[in-house]
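Participant: Just need the structure, nothing else, for what follows:
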Amino acid sequence: MLRIALGTAVMLVAVPVGAQSGAKILTPPKPVDTAARPTVATRPPAGGANPTSPATARPAPVIPQSPVLDSIRKAVFHNLLDRDRAGFATLASAFCLSLSADDFKKGPMSPDRVDPPESMVRQVATPRAPARRASTCTFAPNAAAARPVPGRSLLYSVGAIDLSNPDRVEAAAGYSYDAYSAGGYTFTLERSDSGWVVKQWRMEWTQRATTP
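Facilitator: This is a model prediction of the structure:
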């Protein structure tokens, strides 16, 4: 039935039912069934995740600080640099120092580390090994490297220190020559009149790239 307005009057006109048979009936589309469709994984960006994004940011580890701990760390750093415990001093382009909470009993090395104080770095640096803070170094690991390519950054990190004996302590340490080689140590130090002295050390583990 049609409603036709004429002036102020409204006229109702009957329309045959057959005339309406050609009209289209619009129905809303059915919702997409997402449960039956497989999820397609997306490839991450070529450069990897943004290290500054909240999803990938890692909190800095809590590193205990005290004059005694710092004196032990300096003795371990001296021994690592002077004795070239990792064996890459002639190849490294940078000697990078960091502090960690790891015990370095097994690999791989944790990426959680912080810089030592600049004063400590200056005290342990030598002409042969001009050390600097790890945050100022560039690390470019290459998993396909199977030979000690010159020019990599050599990272030394001093980790957990056991102070249960005030005169004889154990300090953990580790090294990483990018992806080519890494390892962990345990140092035993004794207190003397001149300060802490490394009495012995042992290698806990080593790891080298095997992919040609």
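
Participant: hey, let's count contacts and neighbours off CA atoms from now on
Facilitator: Fine.

Participant: which residue ranges form the strands in the protein?
Facilitator: 2-6, 9-13, 94-99, 131-133, 153-162, 168-177, 181-192, 195-208 (DSSP state E).

Participant: now these as CSV including mean neighbour count?
Facilitator: Conversion of the strands of the chain to CSV gives the following (neighbours: other Cα atoms under 10 Å):
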stretch, mean neighbour count
strand 2-6, 10
strand 9-13, 10
strand 94-99, 25
strand 131-133, 22
strand 153-162, 24
strand 168-177, 24
strand 181-192, 20
strand 195-208, 15
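
Participant: I'd like those laid out as a markdown table, including distance to residue 111 and mean pLDDT.
Facilitator: A markdown table is the format used below for the strands of the chain (distance: least, Cα to Cα, whole Å; pLDDT from 0 to 100):
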| stretch | distance to residue 111 | mean pLDDT |
| --- | --- | --- |
| strand 2-6 | 78 | 46 |
| strand 9-13 | 83 | 46 |
| strand 94-99 | 11 | 97 |
| strand 131-133 | 15 | 97 |
| strand 153-162 | 11 | 96 |
| strand 168-177 | 11 | 97 |
| strand 181-192 | 13 | 96 |
| strand 195-208 | 16 | 95 |
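
Participant: Check what contacts the longest helix that the chain contains and list those residues.
Facilitator: As assigned by DSSP state H, the longest helix anywhere in the chain is helix 67-83. Applying Cα atoms under 8 Å, 6 or more residues apart in numbering, the external contacts of helix 67-83 come out as 85-86, 120, 123-126, 129, 156, 158, 161, 171, 173, 187, 189, 195-198.

Participant: What's the mean pLDDT across that helix?
Facilitator: Mean pLDDT, helix 67-83: 97.

Participant: Let me know the angle separating that helix from strand 195-208.
Facilitator: Relative orientation of helix 67-83 versus strand 195-208 (axes from the mean of the first three to the mean of the last three Cα atoms, to 10 degrees): 60 degrees.

Participant: what comes up buried for helix 67-83?
Facilitator: 72, 73, 74, 75, 76, 77, 78, 79, 80, 81 (16 or more other Cα atoms under 10 Å).

Participant: from the residues you listed, which single one is nearest residue 183?
Facilitator: residue 80 (12.3 Å; Cα to Cα).

Participant: so how far is the first residue of stretch 119-134 from its last?
Facilitator: Stretch 119-134 has an end-to-end distance of 14 Å (criterion: Cα to Cα, to the nearest Å).

Participant: How about residues contacting it?
Facilitator: 70, 74, 77-78, 81-82, 89, 94-98, 114-116, 118, 155.
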